[in-house]
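**Student:** coordinates for the following, if possible.
(one chain, ligands or ions: 2)
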Amino acid sequence: NTAHDVTAFGTGVFGDRKMFEAQAYEGKFRLFDVTRGDGVVTYDNTTGTNLDVFSINKMFKDGSAVDAHANAQKTYDYYQDTFGRDSVDDNGQILISAVHVGNNWNNASWNGRQMSYGDGDGLRFHPLAAGLDVAAHEMSHGVVQHTANLIYRGESGALNESFADIFGAMVDRDDWLIGENIMADGTLALRSMEDPTDLIERRTEAPYPDHWSKRYTGTLDNGGVHINSSINNKAAYLISEGGEHFDVAVNGIGRDKTEQIYYRALSLYLTRSSDFSMMREAAIQAAGDLYGSDSDAVAAVEQAYSAVGVY
Ligand SMILES: Cc1cccc(C(=O)O)c1OC(=O)C1CC1
Ligand SMILES: [Zn+2]
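**Tutor:** Ligands and ions are numbered 1, 2, ... in the order given. As a prediction, the model looks like this:
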């Protein structure tokens, strides 16, 4: 009795129906899509068995599994269609997602091999797998790992986090917010790239920084990797959308050019220990490669990094 590919239908965390590739196997369904790279597979961590076979009714009922699976497929497709990249390693590495990790865990993670999602405690977060930008953020940590592999501490760590947010916002393309649909505490989002200071960062109890002069210099959060990421996030937002920031005017060039500039900088120029200043140079170089050294794109990059105080 072999498995065969099927198009299945399921219902997400918020009751939204969605369609995805899966497999029928021994009279049951399993969330194993073999049409993308070496596969996209989602399993229920409570059972702890990898490639857990969801019986057809459990799959339909498990909103986190449905969302994690569909969101991983969407993120795989984004990297393939936008950059021709075949999964996190550009060699079709299987994308594994585990849901119901921990006990009401208010986190999501990439552990170097797979994505994991907590159910949230219903006070801070809803089940985190429901966030398309969350899945894209986690998978993008995998892409960073297989490219510049930015050290997860200090400024290089803030860039690691920022790349995960940038591509998260490019996959979940309707806004510049991160986690906006999984917040249970009434806040706008987990982070805002458009105006980081819209949100208070819980460790520092201060607004997220939108300028290098406001960077966090303490030791919490691996030296503020989830805090100072907002400085680079703001720069990316300005490159795409434009705006005036600390008296610096930026003429935006749109999402399509912005994502190409960041992908090229990440995959070609940045290294493990790159800092914000090197990020500026890498983005200028990438923009010049792609659109010309005297292009609007190069001007936007220079303006945006000046606007957030990075030279
Ligand atoms: C919720 C959460 C807590 C701690 C680390 C991460 C992390 O993955 O860095 C995390 O997930 C996110 O930031 C995703 C984007 C919402
Ligand atoms: Zn992250």
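**Student:** residue 24: what secondary structure?
**Tutor:** Reduced to three states with DSSP: H, G, I helix; E, B strand; the rest coil, the structure at residue 24 is strand.
**Student:** grab the nearest non-local neighbour of it.
**Tutor:** residue 6 (4.9 Å; Cβ to Cβ, 6 or more residues apart in numbering). Every C-beta, even on glycine, is put in place using the N, C-alpha and C of the backbone.
**Student:** wait, what's in contact with that neighbour?
**Tutor:** By Cβ atoms under 8 Å, 6 or more residues apart in numbering, the residues touching residue 6 are 21, 22, 23, 24, 29.
**Student:** so how do I select the buried members of the residues you listed in PyMOL?
**Tutor:** What follows is the PyMOL syntax selecting those of the contacts of residue 6 that are buried according to 16 or more other Cβ atoms under 10 Å:
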select buried, resi 21+22+23+29
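**Student:** can you lay out the contacts of residue 6 as TSV showing pLDDT and distance to ligand 1?
**Tutor:** TSV is the format used below for the contacts of residue 6 (pLDDT from 0 to 100; distance: Cβ to the nearest ligand atom, whole Å):
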residue	pLDDT	distance to ligand 1
21	89	25
22	87	25
23	86	28
24	83	32
29	77	28
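**Student:** Serialize the contacts of residue 6 to CSV and add fields for distance to residue 289.
**Tutor:** Shown next, in CSV, are those (distance: Cβ to Cβ, whole Å):
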residue, distance to residue 289
21, 36
22, 40
23, 42
24, 46
29, 45
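**Student:** so where does residue 138 fall, helix or strand?
**Tutor:** Element membership for residue 138, per DSSP states H and E: helix 132-145.
**Student:** revised request: answer the last question for residue 288.
**Tutor:** Taking DSSP H and E as the definition, residue 288 sits inside helix 276-291.
**Student:** quick one: buried residues of that helix?
**Tutor:** Applying 16+ other Cβ under 10 Å to helix 276-291 flags 276, 278-289, 291 as buried.
**Student:** contact residues of the stretch 151-300 of the chain facing ligand 1?
**Tutor:** For the stretch 151-300 of the chain, the residues in contact with ligand 1 (Cβ under 6 Å from any ligand atom) are 168, 178, 179, 190.
**Student:** ok, whichever residue of the stretch 151-300 of the chain sits closest to ligand 1 - contacts?
**Tutor:** Nearest residue of the stretch 151-300 of the chain to ligand 1 (Cβ to the nearest ligand atom) works out as residue 179 at 4.4 Å. Counting by Cβ under 8 Å, 6+ apart, residue 179 touches 125, 128, 131, 133, 134, 189, 190, 191.
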